[in-house]
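Asker: Sequence and predicted structure, then a few things I'm wondering about:
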2 protein chains.
Amino acid sequence: MRQSADFSLYLVTDSSRCTMMPLEDTVGAAVRGGVTMVQLREKKMETRKFVELARQLRALLAPLEIPLIINDRVDIALAVRADGVHVGQTDMRVQDVRALVGGDAIVGITVETLEQIEEANALDIDYIGISPVFSTPSIPRDVTPWQISGVQKARNMTSLPIVGFEGITTANAAEVIAAGADGVAVVSAICGALSPKDAAEELRKAAFV
Amino acid sequence: MRQSADFSLYLVTDSSRCTMMPLEDTVGAAVRGGVTMVQLREKKMETRKFVELARQLRALLAPLEIPLIINDRVDIALAVRADGVHVGQTDMRVQDVRALVGGDAIVGITVETLEQIEEANALDIDYIGISPVFSTPSIPRDVTPWQISGVQKARNMTSLPIVGFEGITTANAAEVIAAGADGVAVVSAICGALSPKDAAEELRKAAFV
């Protein structure tokens, strides 16, 4: 799985932001629309429910060979045999994560600065998540977005796959890819759509013309 | 470690309730006063900080052969090689925990009802935490405390070691032990004391006369 990971259309699910329908339904529809990877991100859910939800998504995605990535919680990833873990700068260190999940798992990290890209280059990771690419209402005001120019700078600094996070829509996805990102990650653009399948299809078409 | 676990004076640390001094200092003093087991419980701490704190406590406790138990977060326990995991009824299921931590780890579960003791008897666990023994300001009003009579009932229902949680003080610890508990767990009675060492010594004397 690690060799062939396809980061091109990366869905991040968060039940607080995916309220249109049951999360499994959103994910199932999004995958039919062309999502290539799914990250389950739950910052407040009780562990037992989190395990159950992760296990449901694992059962849905594994037969389709779509990797399931768990945000932050290595224990959840291990319990449900997810394909990988995504960590931020205040989550478990990559060295600790890798020691727990083994060499075959997909491990990604969020980077917010050029300095963090340099650090990431020295880590045993599979991709970096550039975040936030654009400002959104869910991003604190004191965080400076990468913008397209930042994606280009990041591209020149690393040979790791780059996924752009936050603020990606059909209107700007092509620019993000053109700037050097390997993929785009979305939450609301799919979770907030009446048809997650159509939304995924439209994002894919818009990003990869 | 699993065979010889001593549950008699069980300190639960929670940085939101252990504010008198740095947590390591509280734990170090408490252990000198006779604490036999330490549970690190953090419900809101960022994962990276949680790992660091757990690793500090591990470094402090391992040479003293005092088990370090991590509440809920199996990933933290695995990352720092803690001695065990304690789970509540909304945390990861014991079957999943045991599969991740292996047979040598100490695994405990909180039980709130007699029915949960029956369930616990069928699980691969090392002790049950009866909670709350008494009502305290941190326990929701709709939760019925076990009281001394409940500890006696629990004792008659299980051969597992029983640890009483919540509301234990020097004034009632002896009764809890006399009712059949193998140990008493405290947070504030030690964390809130000016001298955690003296507090632990006094609890030990009071409980095991």
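Answerer: The structure has been received and is ready for your questions.

Asker: for chain B, what are the nearby residues on chain A?
Answerer: A:46-49, A:51, A:72-76, A:78-79, A:87, A:89-93, A:96, A:99-100 (C-beta under 8 Å from any C-beta of the partner chain). (C-beta placed from N, C-alpha, C; glycine too.)

Asker: quick one: which of those sit in helices?
Answerer: Mapping the residues of chain A next to chain B onto helices (DSSP state H) picks out A:47-49, A:51, A:74-76, A:78-79, A:96, A:99-100.

Asker: Identify each buried residue in stretch A:89-97, please.
Answerer: By 16 or more other C-beta atoms under 10 Å in any protein chain shown, the buried positions in stretch A:89-97 come out as A:91-94, A:96-97.

Asker: Just the CA atoms from stretch A:8-27 would do, formatted as PDB, please.
Answerer: What follows is stretch A:8-27, C-alpha atoms only, in PDB (Å, rounded to 0.1, in the frame of the first residue of the first chain):
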ATOM      1  CA  SER A   8      -4.600  13.100  -5.500                       C
ATOM      2  CA  LEU A   9      -8.000  13.600  -4.000                       C
ATOM      3  CA  TYR A  10      -7.800  13.300  -0.200                       C
ATOM      4  CA  LEU A  11     -10.900  13.500   1.900                       C
ATOM      5  CA  VAL A  12     -10.600  14.500   5.500                       C
ATOM      6  CA  THR A  13     -13.700  13.600   7.500                       C
ATOM      7  CA  ASP A  14     -14.600  15.200  10.800                       C
ATOM      8  CA  SER A  15     -18.100  14.400  12.100                       C
ATOM      9  CA  SER A  16     -18.400  17.900  13.500                       C
ATOM     10  CA  ARG A  17     -18.000  19.200   9.900                       C
ATOM     11  CA  CYS A  18     -19.700  16.300   8.100                       C
ATOM     12  CA  THR A  19     -23.200  16.600   9.200                       C
ATOM     13  CA  MET A  20     -25.200  16.200   6.000                       C
ATOM     14  CA  MET A  21     -25.600  12.400   6.400                       C
ATOM     15  CA  PRO A  22     -24.000   9.500   8.300                       C
ATOM     16  CA  LEU A  23     -20.300   9.700   7.800                       C
ATOM     17  CA  GLU A  24     -20.100   6.200   6.200                       C
ATOM     18  CA  ASP A  25     -22.600   7.400   3.500                       C
ATOM     19  CA  THR A  26     -20.500  10.500   2.800                       C
ATOM     20  CA  VAL A  27     -17.400   8.500   2.500                       C
END
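
Asker: end-to-end on stretch A:169-176?
Answerer: 10 Å (C-alpha to C-alpha, to the nearest Å).

Asker: Endpoint to endpoint, stretch A:98-109 covers what distance?
Answerer: 12 Å.

Asker: From the rest of the structure, what touches it?
Answerer: Residues from elsewhere that reach stretch A:98-109, judged by C-beta atoms under 8 Å, 6 or more residues apart in numbering or on different chains: A:1-2, A:5, A:67, A:69, A:74, A:77-78, A:83-89, A:94, A:97, A:116, A:120, A:123-129, A:163, B:75, B:78-79.

Asker: Select only the buried ones of these in PyMOL?
Answerer: To isolate the buried ones among the contacts of stretch A:98-109 in PyMOL, judged by 16+ other C-beta under 10 Å, type:
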select buried, (chain A and resi 5+67+69+74+77+78+83+84+85+86+87+88+94+97+116+120+123+125+126+127+128+129+163) or (chain B and resi 75+78+79)
